[in-house]
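Colleague: let me see the structure of the following:
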Amino acid sequence: MDKEDLSKEQRILRLMRKTLGNVVKDVTPRGGRANPLSDNTILDIRDCFALISERERELAEALDFDRERPYFADGEAPNAKVISIVKPPKK
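Modeller: Sure thing, here's the model as predicted:
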């Protein structure tokens, strides 16, 4: 499989993920209504998302290219200091 085929498969997977996500949004109940989907269907949808993500990751590795991860425009991570904020214990 060459890069063009892999790229086409990535586009197909991206469109499938987007379409499946839109279907889920459209059928998601609002205002405390019951969900129209069965528990098995919900699990199947989760499995589909997991398979799509797994295959997208495999294709990105095969192309030695991962566009899905965030990156910085200048290629360097910002020089930031992470500070842990802990709530003081109650007395």
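Colleague: what's the local residue count around Glu54?
Modeller: 11 (other CB atoms under 10 Å). All C-beta spots, glycine's among them, are computed from the backbone N, C-alpha and C.
Colleague: and the helix or strand it falls within, what's buried?
Modeller: Following DSSP states H and E, one finds Glu54 within helix 39-62. Using 16 or more other CB atoms under 10 Å as the test for burial, helix 39-62 gives 45, 52, 56, 59-60.
Colleague: same question for stretch 14-21.
Modeller: Buried, per 16+ other CB under 10 Å, within stretch 14-21: nothing.
Colleague: please state the offset of the host helix or strand of Lys18 from the chain centre?
Modeller: In the assignment (DSSP H and E), Lys18 maps to helix 3-27. Helix 3-27 sits 11 Å away from the centroid of its parent chain (CA atoms, centre = their mean, to the nearest Å).
Colleague: for that helix, give the mean pLDDT please.
Modeller: The pLDDT scores in helix 3-27 average 87.
Colleague: what about Pro29, distance to Glu58?
Modeller: Note on Pro29: its distance to Glu58, by CB to CB, to the nearest Å, is 34 Å.
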